[in-house]
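Student: Fold the following for me, if possible:
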Amino acid sequence: FRSNMGNLFDDEEDDEDDEEEDDEAGDGFESEAAEGAGGISSVDDLISFATSKAGAEAPTTDWAESIDLGGGGDVSALRGGVVLLANPSKFCSDFLFVDDEDDEKEKRRSIGFNPFGAQPSPALLAKFGLTLPPPADLGPDRRADLLPVLVLLERHPLRGCQAVLMNRRTGYLLGDLEQQQAQESMEGGEVPDPPKLGAFMIQPLWFGGTSAGGGDGRGGESSSEDKSGGAANGLDMLHLCPAVPGASQLTEDGLYWGGDPAGAQDAMQDPGLDRVMTGFDFKFFVQSTRWLPQQLEKEINDGTWYVASVSKEILFKSRDRLGTKRAKPLWTEVMELMGGKYKKVRDRLYDAEG
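Tutor: This next block holds a predicted model:
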(Lines give C-alpha, C1' and ligand atoms only; values in the text may rest on other atoms or scores of the structure.)
Protein backbone atom coordinates (compact mmCIF):
# COMPACT_ATOMS: atom_id res chain seq x y z
CA PHE A 1 0.00 0.00 0.00
CA ARG A 2 2.81 2.36 0.99
CA SER A 3 4.61 1.49 -2.24
CA ASN A 4 1.55 2.14 -4.35
CA MET A 5 0.93 5.48 -2.60
CA GLY A 6 4.55 6.43 -3.15
CA ASN A 7 4.21 5.74 -6.86
CA LEU A 8 1.05 7.82 -6.90
CA PHE A 9 2.76 10.77 -5.18
CA ASP A 10 5.70 10.45 -7.54
CA ASP A 11 3.31 10.65 -10.49
CA GLU A 12 1.67 13.77 -9.04
CA GLU A 13 5.06 15.40 -8.54
CA ASP A 14 5.98 14.59 -12.13
CA ASP A 15 2.71 16.10 -13.28
CA GLU A 16 3.38 19.22 -11.22
CA ASP A 17 6.86 19.49 -12.73
CA ASP A 18 5.35 19.19 -16.21
CA GLU A 19 2.77 21.85 -15.39
CA GLU A 20 5.48 24.19 -14.09
CA GLU A 21 7.43 23.71 -17.31
CA ASP A 22 4.29 24.41 -19.31
CA ASP A 23 3.60 27.51 -17.20
CA GLU A 24 7.13 28.77 -17.74
CA ALA A 25 6.81 28.24 -21.46
CA GLY A 26 3.39 29.87 -21.40
CA ASP A 27 4.73 32.82 -19.43
CA GLY A 28 7.45 33.28 -21.99
CA PHE A 29 4.93 33.24 -24.82
CA GLU A 30 2.58 35.58 -22.99
CA SER A 31 5.43 37.97 -22.26
CA GLU A 32 6.42 37.98 -25.90
CA ALA A 33 2.84 38.47 -27.00
CA ALA A 34 2.22 41.17 -24.41
CA GLU A 35 5.35 42.99 -25.51
CA GLY A 36 4.18 43.03 -29.12
CA ALA A 37 0.59 43.81 -28.24
CA GLY A 38 1.36 46.63 -25.86
CA GLY A 39 0.26 49.27 -28.37
CA ILE A 40 -3.09 47.66 -29.20
CA SER A 41 -5.93 50.05 -28.42
CA SER A 42 -8.43 49.41 -31.21
CA VAL A 43 -9.78 46.79 -33.56
CA ASP A 44 -7.59 48.14 -36.36
CA ASP A 45 -4.49 47.81 -34.15
CA LEU A 46 -5.43 44.22 -33.31
CA ILE A 47 -5.81 43.35 -36.99
CA SER A 48 -2.45 44.95 -37.78
CA PHE A 49 -0.79 43.05 -34.91
CA ALA A 50 -2.24 39.72 -36.09
CA THR A 51 -1.16 40.40 -39.67
CA SER A 52 2.39 41.27 -38.63
CA LYS A 53 2.66 38.10 -36.51
CA ALA A 54 1.58 36.05 -39.52
CA GLY A 55 4.46 37.57 -41.47
CA ALA A 56 2.22 38.87 -44.22
CA GLU A 57 2.75 42.48 -45.23
CA ALA A 58 -0.33 43.81 -46.98
CA PRO A 59 0.23 46.56 -49.54
CA THR A 60 -0.63 50.07 -48.37
CA THR A 61 -4.10 50.97 -49.58
CA ASP A 62 -4.84 53.88 -47.24
CA TRP A 63 -3.32 56.93 -48.92
CA ALA A 64 -4.14 60.49 -49.87
CA GLU A 65 -2.09 63.02 -51.84
CA SER A 66 -2.66 66.72 -52.37
CA ILE A 67 -3.11 68.01 -55.92
CA ASP A 68 -1.50 71.32 -56.77
CA LEU A 69 -3.52 73.28 -59.33
CA GLY A 70 -0.83 75.92 -59.66
CA GLY A 71 -2.62 78.87 -58.12
CA GLY A 72 -5.98 77.77 -59.51
CA GLY A 73 -5.04 78.46 -63.11
CA ASP A 74 -4.17 74.90 -64.13
CA VAL A 75 -7.46 73.02 -63.98
CA SER A 76 -6.37 70.05 -66.11
CA ALA A 77 -6.16 67.94 -62.93
CA LEU A 78 -9.68 68.92 -61.93
CA ARG A 79 -11.55 65.89 -63.25
CA GLY A 80 -13.81 63.08 -62.12
CA GLY A 81 -12.51 61.19 -59.09
CA VAL A 82 -10.78 64.19 -57.51
CA VAL A 83 -11.67 64.78 -53.86
CA LEU A 84 -12.56 68.22 -52.46
CA LEU A 85 -12.04 68.91 -48.75
CA ALA A 86 -13.46 71.97 -47.03
CA ASN A 87 -11.09 74.60 -45.67
CA PRO A 88 -12.27 75.16 -42.06
CA SER A 89 -11.56 78.90 -42.26
CA LYS A 90 -14.29 79.17 -44.91
CA PHE A 91 -16.88 77.22 -42.91
CA CYS A 92 -16.07 77.97 -39.24
CA SER A 93 -16.37 81.52 -37.95
CA ASP A 94 -13.76 81.09 -35.20
CA PHE A 95 -11.09 79.24 -37.18
CA LEU A 96 -7.86 81.01 -38.13
CA PHE A 97 -4.73 79.26 -39.33
CA VAL A 98 -1.42 80.85 -40.32
CA ASP A 99 1.54 78.80 -41.51
CA ASP A 100 4.81 80.68 -41.05
CA GLU A 101 6.46 78.56 -43.74
CA ASP A 102 4.19 79.96 -46.46
CA ASP A 103 4.57 83.35 -48.04
CA GLU A 104 1.75 85.86 -47.72
CA LYS A 105 0.18 85.09 -51.08
CA GLU A 106 0.17 81.36 -50.42
CA LYS A 107 -1.37 81.93 -46.99
CA ARG A 108 -4.25 83.85 -48.47
CA ARG A 109 -4.87 81.42 -51.34
CA SER A 110 -4.36 77.84 -50.16
CA ILE A 111 -4.80 78.23 -46.40
CA GLY A 112 -7.67 80.68 -46.62
CA PHE A 113 -6.01 83.30 -44.41
CA ASN A 114 -8.66 85.67 -43.11
CA PRO A 115 -7.17 88.44 -40.92
CA PHE A 116 -10.52 90.17 -40.42
CA GLY A 117 -12.41 87.10 -39.13
CA ALA A 118 -15.23 87.48 -41.65
CA GLN A 119 -18.21 85.19 -41.23
CA PRO A 120 -18.58 82.24 -43.62
CA SER A 121 -20.82 82.86 -46.60
CA PRO A 122 -24.45 81.88 -45.79
CA ALA A 123 -24.86 80.74 -49.39
CA LEU A 124 -21.84 78.46 -49.09
CA LEU A 125 -23.14 76.95 -45.86
CA ALA A 126 -26.65 76.45 -47.27
CA LYS A 127 -25.22 74.67 -50.32
CA PHE A 128 -24.16 71.88 -47.99
CA GLY A 129 -27.17 71.83 -45.70
CA LEU A 130 -25.65 73.98 -42.94
CA THR A 131 -27.68 76.78 -41.38
CA LEU A 132 -24.86 78.03 -39.13
CA PRO A 133 -21.07 77.68 -39.02
CA PRO A 134 -20.13 74.55 -37.01
CA PRO A 135 -19.27 75.88 -33.52
CA ALA A 136 -16.29 74.72 -31.47
CA ASP A 137 -18.45 73.40 -28.63
CA LEU A 138 -19.57 70.54 -30.86
CA GLY A 139 -16.17 68.95 -30.37
CA PRO A 140 -13.52 68.41 -33.07
CA ASP A 141 -14.82 65.09 -34.43
CA ARG A 142 -18.38 66.31 -34.88
CA ARG A 143 -17.08 69.53 -36.37
CA ALA A 144 -14.92 67.59 -38.84
CA ASP A 145 -17.95 65.48 -39.77
CA LEU A 146 -19.76 68.66 -40.81
CA LEU A 147 -16.92 69.90 -43.02
CA PRO A 148 -17.87 68.84 -46.56
CA VAL A 149 -15.84 66.16 -48.34
CA LEU A 150 -16.88 65.58 -51.95
CA VAL A 151 -15.95 63.35 -54.86
CA LEU A 152 -16.05 65.20 -58.17
CA LEU A 153 -18.08 63.25 -60.72
CA GLU A 154 -17.61 65.36 -63.81
CA ARG A 155 -16.38 68.72 -65.03
CA HIS A 156 -17.97 70.08 -68.19
CA PRO A 157 -17.07 73.39 -69.84
CA LEU A 158 -20.74 74.24 -70.44
CA ARG A 159 -22.62 72.42 -67.67
CA GLY A 160 -20.12 73.09 -64.90
CA CYS A 161 -19.13 70.60 -62.21
CA GLN A 162 -21.04 67.93 -60.34
CA ALA A 163 -20.01 66.11 -57.14
CA VAL A 164 -21.49 64.13 -54.26
CA LEU A 165 -20.97 64.62 -50.54
CA MET A 166 -19.23 61.64 -48.94
CA ASN A 167 -19.98 62.42 -45.28
CA ARG A 168 -23.71 63.16 -45.05
CA ARG A 169 -26.21 60.41 -44.25
CA THR A 170 -29.91 60.93 -44.76
CA GLY A 171 -30.82 58.65 -41.85
CA TYR A 172 -32.57 56.23 -44.21
CA LEU A 173 -31.59 52.88 -45.67
CA LEU A 174 -32.07 51.93 -49.29
CA GLY A 175 -34.65 49.39 -48.17
CA ASP A 176 -36.81 52.23 -46.84
CA LEU A 177 -37.29 53.43 -50.43
CA GLU A 178 -38.42 49.99 -51.56
CA GLN A 179 -40.83 49.77 -48.62
CA GLN A 180 -42.28 53.20 -49.36
CA GLN A 181 -42.80 52.33 -53.03
CA ALA A 182 -44.47 49.04 -52.08
CA GLN A 183 -46.79 50.83 -49.65
CA GLU A 184 -47.79 53.38 -52.26
CA SER A 185 -48.59 50.57 -54.71
CA MET A 186 -50.77 48.80 -52.15
CA GLU A 187 -52.63 51.99 -51.32
CA GLY A 188 -53.33 52.41 -55.02
CA GLY A 189 -54.78 48.91 -55.23
CA GLU A 190 -51.80 47.52 -57.13
CA VAL A 191 -49.68 44.51 -56.38
CA PRO A 192 -46.22 45.76 -55.38
CA ASP A 193 -43.29 44.67 -57.49
CA PRO A 194 -40.63 42.47 -55.90
CA PRO A 195 -37.67 44.40 -54.47
CA LYS A 196 -35.31 45.56 -57.22
CA LEU A 197 -32.44 46.39 -54.89
CA GLY A 198 -32.52 43.38 -52.56
CA ALA A 199 -28.73 43.18 -52.29
CA PHE A 200 -28.56 46.76 -51.04
CA MET A 201 -31.50 46.93 -48.64
CA ILE A 202 -29.34 47.62 -45.55
CA GLN A 203 -27.05 50.14 -47.24
CA PRO A 204 -27.30 53.77 -46.04
CA LEU A 205 -28.80 56.35 -48.35
CA TRP A 206 -26.39 59.28 -48.56
CA PHE A 207 -27.20 62.96 -49.10
CA GLY A 208 -25.20 64.03 -52.14
CA GLY A 209 -26.04 67.73 -51.99
CA THR A 210 -28.79 70.28 -52.46
CA SER A 211 -29.02 70.03 -56.26
CA ALA A 212 -30.92 67.54 -58.36
CA GLY A 213 -29.16 64.23 -58.88
CA GLY A 214 -28.54 62.34 -62.08
CA GLY A 215 -25.62 62.40 -64.46
CA ASP A 216 -27.11 64.17 -67.45
CA GLY A 217 -25.92 67.53 -66.13
CA ARG A 218 -29.31 69.17 -66.64
CA GLY A 219 -30.98 68.28 -63.36
CA GLY A 220 -33.22 65.59 -64.82
CA GLU A 221 -33.26 61.88 -64.19
CA SER A 222 -31.12 59.71 -66.37
CA SER A 223 -32.44 56.57 -67.94
CA SER A 224 -30.94 53.21 -67.06
CA GLU A 225 -29.39 53.14 -70.50
CA ASP A 226 -27.56 56.43 -69.98
CA LYS A 227 -23.86 55.87 -70.66
CA SER A 228 -22.66 59.10 -69.12
CA GLY A 229 -22.23 57.50 -65.72
CA GLY A 230 -25.46 59.00 -64.42
CA ALA A 231 -28.17 57.83 -62.12
CA ALA A 232 -31.18 55.63 -62.44
CA ASN A 233 -34.37 56.12 -60.41
CA GLY A 234 -33.07 59.49 -59.19
CA LEU A 235 -30.08 57.93 -57.41
CA ASP A 236 -26.40 58.46 -58.01
CA MET A 237 -24.17 55.47 -57.33
CA LEU A 238 -20.46 55.32 -56.51
CA HIS A 239 -19.02 51.82 -56.41
CA LEU A 240 -16.00 49.55 -56.83
CA CYS A 241 -17.53 47.07 -59.30
CA PRO A 242 -16.13 47.29 -62.86
CA ALA A 243 -18.79 44.92 -64.21
CA VAL A 244 -21.75 47.30 -63.76
CA PRO A 245 -23.09 48.18 -67.24
CA GLY A 246 -22.94 51.88 -68.09
CA ALA A 247 -20.58 52.79 -65.25
CA SER A 248 -17.77 55.27 -65.78
CA GLN A 249 -14.35 54.73 -64.22
CA LEU A 250 -13.27 57.77 -62.21
CA THR A 251 -9.87 56.73 -60.83
CA GLU A 252 -7.07 54.39 -61.77
CA ASP A 253 -7.41 52.39 -58.56
CA GLY A 254 -10.98 51.39 -59.41
CA LEU A 255 -13.60 53.93 -58.33
CA TYR A 256 -16.68 53.93 -60.60
CA TRP A 257 -19.72 56.15 -61.00
CA GLY A 258 -23.16 55.31 -62.29
CA GLY A 259 -24.89 52.44 -63.99
CA ASP A 260 -28.24 50.86 -63.19
CA PRO A 261 -28.55 49.93 -59.49
CA ALA A 262 -30.88 47.05 -60.38
CA GLY A 263 -28.33 45.74 -62.86
CA ALA A 264 -25.59 46.09 -60.27
CA GLN A 265 -26.98 43.09 -58.39
CA ASP A 266 -26.26 40.83 -61.36
CA ALA A 267 -22.90 42.50 -61.97
CA MET A 268 -21.80 41.57 -58.43
CA GLN A 269 -22.00 37.90 -59.43
CA ASP A 270 -19.85 38.31 -62.55
CA PRO A 271 -17.31 35.43 -62.57
CA GLY A 272 -14.73 37.72 -64.16
CA LEU A 273 -14.38 39.83 -61.01
CA ASP A 274 -11.12 39.43 -59.10
CA ARG A 275 -12.92 39.29 -55.74
CA VAL A 276 -16.36 38.77 -54.24
CA MET A 277 -18.42 41.97 -54.24
CA THR A 278 -20.95 42.89 -51.55
CA GLY A 279 -23.40 45.68 -50.94
CA PHE A 280 -20.72 47.50 -48.96
CA ASP A 281 -18.83 48.12 -52.21
CA PHE A 282 -21.61 50.51 -53.27
CA LYS A 283 -22.75 53.92 -52.03
CA PHE A 284 -26.09 55.41 -53.09
CA PHE A 285 -26.81 59.14 -53.10
CA VAL A 286 -29.96 61.17 -53.36
CA GLN A 287 -29.33 64.55 -55.05
CA SER A 288 -25.88 65.98 -55.73
CA THR A 289 -23.80 69.16 -55.57
CA ARG A 290 -23.38 71.35 -58.63
CA TRP A 291 -21.41 74.41 -59.65
CA LEU A 292 -21.89 76.71 -62.62
CA PRO A 293 -19.04 76.85 -65.17
CA GLN A 294 -15.88 78.30 -63.55
CA GLN A 295 -17.61 78.61 -60.16
CA LEU A 296 -15.75 75.71 -58.53
CA GLU A 297 -12.46 76.87 -60.05
CA LYS A 298 -13.01 80.28 -58.47
CA GLU A 299 -13.76 78.73 -55.05
CA ILE A 300 -10.57 76.66 -55.24
CA ASN A 301 -8.56 79.75 -56.16
CA ASP A 302 -10.10 81.57 -53.18
CA GLY A 303 -8.97 78.79 -50.85
CA THR A 304 -12.39 77.30 -50.10
CA TRP A 305 -11.30 73.78 -51.05
CA TYR A 306 -8.26 71.56 -50.73
CA VAL A 307 -7.92 69.27 -53.74
CA ALA A 308 -6.69 65.71 -53.28
CA SER A 309 -6.36 62.26 -54.77
CA VAL A 310 -7.61 59.67 -52.26
CA SER A 311 -7.62 55.88 -52.37
CA LYS A 312 -10.94 54.11 -52.80
CA GLU A 313 -10.31 52.20 -49.56
CA ILE A 314 -10.34 55.45 -47.58
CA LEU A 315 -13.48 56.69 -49.33
CA PHE A 316 -15.35 53.44 -48.68
CA LYS A 317 -14.03 52.74 -45.18
CA SER A 318 -16.79 52.25 -42.62
CA ARG A 319 -17.13 55.26 -40.32
CA ASP A 320 -19.55 53.59 -37.92
CA ARG A 321 -18.87 53.71 -34.19
CA LEU A 322 -16.59 50.90 -32.94
CA GLY A 323 -18.04 50.08 -29.54
CA THR A 324 -17.41 53.09 -27.32
CA LYS A 325 -14.82 54.50 -29.71
CA ARG A 326 -15.96 56.96 -32.36
CA ALA A 327 -14.64 56.28 -35.86
CA LYS A 328 -12.28 58.86 -37.34
CA PRO A 329 -14.10 61.36 -39.61
CA LEU A 330 -13.28 61.16 -43.32
CA TRP A 331 -12.10 64.80 -43.41
CA THR A 332 -9.74 64.16 -40.51
CA GLU A 333 -8.18 61.01 -41.93
CA VAL A 334 -7.55 62.48 -45.38
CA MET A 335 -5.97 65.63 -43.93
CA GLU A 336 -3.68 63.49 -41.77
CA LEU A 337 -2.64 61.31 -44.69
CA MET A 338 -1.79 64.33 -46.85
CA GLY A 339 0.57 65.56 -44.14
CA GLY A 340 2.49 68.84 -44.22
CA LYS A 341 0.39 71.98 -43.93
CA TYR A 342 -2.81 69.93 -44.21
CA LYS A 343 -1.89 68.00 -41.08
CA LYS A 344 -1.26 71.36 -39.39
CA VAL A 345 -4.74 72.57 -40.37
CA ARG A 346 -6.18 69.36 -38.94
CA ASP A 347 -4.20 69.82 -35.71
CA ARG A 348 -5.37 73.42 -35.43
CA LEU A 349 -9.01 72.35 -35.71
CA TYR A 350 -8.57 69.69 -33.04
CA ASP A 351 -6.73 72.11 -30.74
CA ALA A 352 -9.26 74.90 -31.22
CA GLU A 353 -11.44 73.96 -28.26
CA GLY A 354 -8.40 73.95 -25.98
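Student: Tell me how many other residues surround the residue lying closest to residue 88 once chain neighbours are set aside.
Tutor: Among residues not flanking residue 88 along the chain, residue 95 sits closest, at 4.4 Å (CB to CB, 6 or more residues apart in numbering). Quick note: C-beta positions are derived from backbone N, CA and C, even for glycine. Using other CB atoms under 10 Å, residue 95 has 22 other residues around it.
Student: Sketch out the strands for this protein, chain order is fine.
Tutor: 64-66, 83-86, 149-156, 160-165, 169-173, 204-207, 235-239, 248-249, 256-257, 282-286, 289-291, 305-310 (DSSP state E).
Student: The fifth one vs strand 282-286, what angle?
Tutor: Read it as strand 169-173. Angle, strand 169-173 to strand 282-286, by axes from the mean of the first three to the mean of the last three CA atoms, to 10 degrees: 110 degrees.
Student: Please list the outside residues in contact with strand 169-173.
Tutor: 201-207, 286 (CB atoms under 8 Å, 6 or more residues apart in numbering).
Student: Of all pairs in these, which one is the farthest apart?
Tutor: Farthest pair in the contacts of strand 169-173 (CB to CB) is 201 and 207. Separation: 18.8 Å.
Student: Looking at these two, which is more packed in?
Tutor: With neighbours defined as other CB under 10 Å, residue 201 and residue 207 compare such that residue 207 has more, 21 against 15.
Student: That one contacts residue 285, correct?
Tutor: Yes: the pair residue 207 and residue 285 qualifies as a contact (CB atoms under 8 Å) at a distance of 7.2 Å.
Student: anything in contact with each of those two?
Tutor: Counting by CB under 8 Å, 6+ apart, the residues touching both residue 207 and residue 285 are residue 165.
Student: List the contacts of residue 296.
Tutor: 78, 84, 155, 160-161, 305.
Student: please redo it, this time with the cut-off set to 7 Å
Tutor: Listed by CB atoms under 7 Å, 6 or more residues apart in numbering, the contact set of residue 296 reads residue 161.
Student: I'd like to know how many residues surround residue 136.
Tutor: For residue 136, using other CB under 10 Å, the count is 16.
Student: and if you look at residue 92?
Tutor: Based on other CB under 10 Å, the number of other residues close to residue 92 is 20.
Student: Contact partners for the nearest residue to it once chain neighbours are set aside?
Tutor: For residue 92, ignoring the flanking residues on the chain, the nearest one in space by CB to CB, 6+ apart is residue 133 at 5.2 Å. Going by CB under 7 Å, 6+ apart, residue 133 touches 91-93, 120, 125.
Student: What segments of the stretch 51-200 of the chain are helices?
Tutor: 88-91, 104-106, 122-127, 140-146, 174-187 (DSSP state H, counting those that start in this stretch).
Student: Least confident of these, on average?
Tutor: When these are compared by mean pLDDT, helix 104-106 comes last with a mean of 50.
Student: that older thread, distance of the residue nearest to residue 92 relative to residue 348?
Tutor: 16 Å (CB to CB, to the nearest Å).
Student: One more: residue 154?
Tutor: From residue 154 to residue 348 the distance is 33 Å (CB to CB).
Student: Please say which of the two ends up with more neighbours.
Tutor: residue 154 (21 against 16).
Student: Could you give the number of residues near residue 327?
Tutor: Count around residue 327 with other CB under 10 Å applied: 17.
Student: if I read this right, it contacts residue 319, doesn't it?
Tutor: Yes: look at residue 327 against residue 319 with CB atoms under 7 Å: they come within range, at 4.5 Å.
Student: Just to check, residue 348 is in contact with residue 94?
Tutor: No: taking contacts as CB under 7 Å, residue 348 lies outside contact range of residue 94: 11.2 Å.
Student: just to revisit the earlier point, just the buried subset of the contacts of strand 169-173, please.
Tutor: 203, 205-207, 286 (16 or more other CB atoms under 10 Å).
Student: Adding distance to residue 177 and pLDDT, write those residues out as CSV.
Tutor: Converted to CSV, these look like this (distance: CB to CB, whole Å; pLDDT from 0 to 100):
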residue, distance to residue 177, pLDDT
203, 11, 92
205, 7, 94
206, 13, 96
207, 14, 95
286, 9, 93
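Student: ok, these vs residue 279, which is closest?
Tutor: Nearest member of these to residue 279, counting by CB to CB, is residue 203, at 5.1 Å.
Student: which residues touch the closest one?
Tutor: Here residue 203 is in contact with 173-174, 279, 282, 284 (CB under 7 Å, 6+ apart).
Student: Right, I'll leave it there.
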